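A.B. asks: Pasting the sequence and the predicted model now:
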Amino acid sequence: MAEVKKDLPLDEARAKLKQHFGGYSDTKYTEGWAKLWADGSFLPWDRNKPSPALADTLENYYELVGNAMVDGRRKKALVPGCGRGVDVLLLESFGYDAVGLEVSEGAVKAAEAYAKEHGSEYPVRNEKIGAGSKKFLLGDFYKDDFLKDVGMKEGEKFDLIYDYTCEYLAPFTRMPQLQSTALTRSCLFSFLCNEPQDEADVGSENVRSTGRFSTGELDMS
C-alpha cells in the first residue's frame, strides 16, 4: 500500500491536486477522484473528523441555520464530495436527514465503513429533536440524476448544503461555468467555508469571514 501523505502545506497540496487533475479534464474529472480514493495515499481533505467550522455553526450560530426541524418535518441536508462522511454523521447527530454524495465508489464505500465503525461517536445533540438519518450515494453534484435516489419530489429542495471541497476544487476538475449554478439550483440555504488552519480559530471572526452563506439566489456573504 502506498504511503499516506498527510498534513502537506496548503500550497503543496493545491499544486499536487492541480497536477493530478491535469490529466482528467472536463468530463473525466470523476475518474480523477476515483483514482485518488483507489490509491488512498493523497487525500488532503480527509481528516477523519468533522469540519470544526460546521460544528461551530450548528452549535453556536442558531440564528443562521435554525434547528433541524421545521413545520413538523426534518430538514434535508446535502454534503457534496462528502469523502469519509464525517460531516454527514455530524448533521445526522443534530437531527438532519443528511445525504453524502460522492463521484467515487471508493469514497462511498469508505463512508459506509466509517459510519458503521464510528457512528456511535456522534451522539444525539438534542434529545427533543433526536437523530436524523444518513445516506451515502454515488452521484455527480453537477448533474441532477442523484436527486431521484434521494427521494426528492419535483420542486423540492435541500434545506441546507454544506461544502468545502467541491467549490474549492472545481477549478481543477470541471468547467468554471458550473461552479456558479451548482449550489443555488437545488438549495434553500447553503454554507461554504474555507477551513481555519488552526482549530483554535474556530468561533473567531477569522473563521466566520471565510464562510459564504447564501439563501437561494441571494448571496449573504
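C.D. replies: Cool, the structure landed. Remember, it's a predicted structure, so these values are computed and weren't measured experimentally.

A.B. asks: only C-alpha atoms for contact and neighbour calcs from this point on.
C.D. replies: Fine.

A.B. asks: and Met152, what is it in contact with?
C.D. replies: Applying Cα atoms under 8 Å, 6 or more residues apart in numbering to Met152 gives no contacts.

A.B. asks: Can you get me a residue count around Ala131?
C.D. replies: By other Cα atoms under 10 Å, the residues close to Ala131 number 23.

A.B. asks: who's in contact with the nearest residue to it once chain neighbours are set aside?
C.D. replies: Counting by Cα to Cα, 6 or more residues apart in numbering, Ala131 lies nearest to Gly95, which is 4.4 Å off, once chain neighbours are set aside. Neighbour list for Gly95: Ala68, Met69, Arg74, Lys75, Val124, Arg125, Asn126, Ile129, Gly130, Ala131, Gly132, Ser133 [criterion: Cα under 8 Å, 6+ apart].

A.B. asks: Can you select the buried ones from the residues you listed in ChimeraX?
C.D. replies: Of the contacts of Gly95, the buried ones can be selected in ChimeraX as follows, counting by 16 or more other Cα atoms under 10 Å:
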select :68,69,74,75,124,125,129,130,131,132,133
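
A.B. asks: Neighbours of Ser93, how many?
C.D. replies: So Ser93, with other Cα under 10 Å, has 26 neighbours.

A.B. asks: one step back: next one: phi and psi at the residue nearest to Ala131?
C.D. replies: phi 110, psi 0 (degrees, to the nearest 10).

A.B. asks: Of all residues in the chain, which one is nearest the centre?
C.D. replies: For the chain, the residue nearest the mean C-alpha position is Val79 (3.4 Å; Cα atoms, centre = their mean).

A.B. asks: Would you mind listing the buried residues in the longest helix that the chain contains?
C.D. replies: Identified as the longest helix of the chain according to DSSP state H is helix 105-118. Within helix 105-118, the residues scored as buried using 16+ other Cα under 10 Å are Glu105, Gly106, Ala107, Val108, Lys109, Ala110, Ala111, Glu112, Tyr114, Ala115.

A.B. asks: could those be laid out in JSON lines, adding pLDDT and distance to Asp149?
C.D. replies: Output for these, formatted as JSON lines (pLDDT from 0 to 100; distance: Cα to Cα, whole Å):
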{"residue": "Glu105", "pLDDT": "92", "distance to Asp149": "15"}
{"residue": "Gly106", "pLDDT": "91", "distance to Asp149": "19"}
{"residue": "Ala107", "pLDDT": "92", "distance to Asp149": "17"}
{"residue": "Val108", "pLDDT": "95", "distance to Asp149": "14"}
{"residue": "Lys109", "pLDDT": "94", "distance to Asp149": "17"}
{"residue": "Ala110", "pLDDT": "93", "distance to Asp149": "19"}
{"residue": "Ala111", "pLDDT": "96", "distance to Asp149": "17"}
{"residue": "Glu112", "pLDDT": "97", "distance to Asp149": "16"}
{"residue": "Tyr114", "pLDDT": "96", "distance to Asp149": "21"}
{"residue": "Ala115", "pLDDT": "97", "distance to Asp149": "20"}
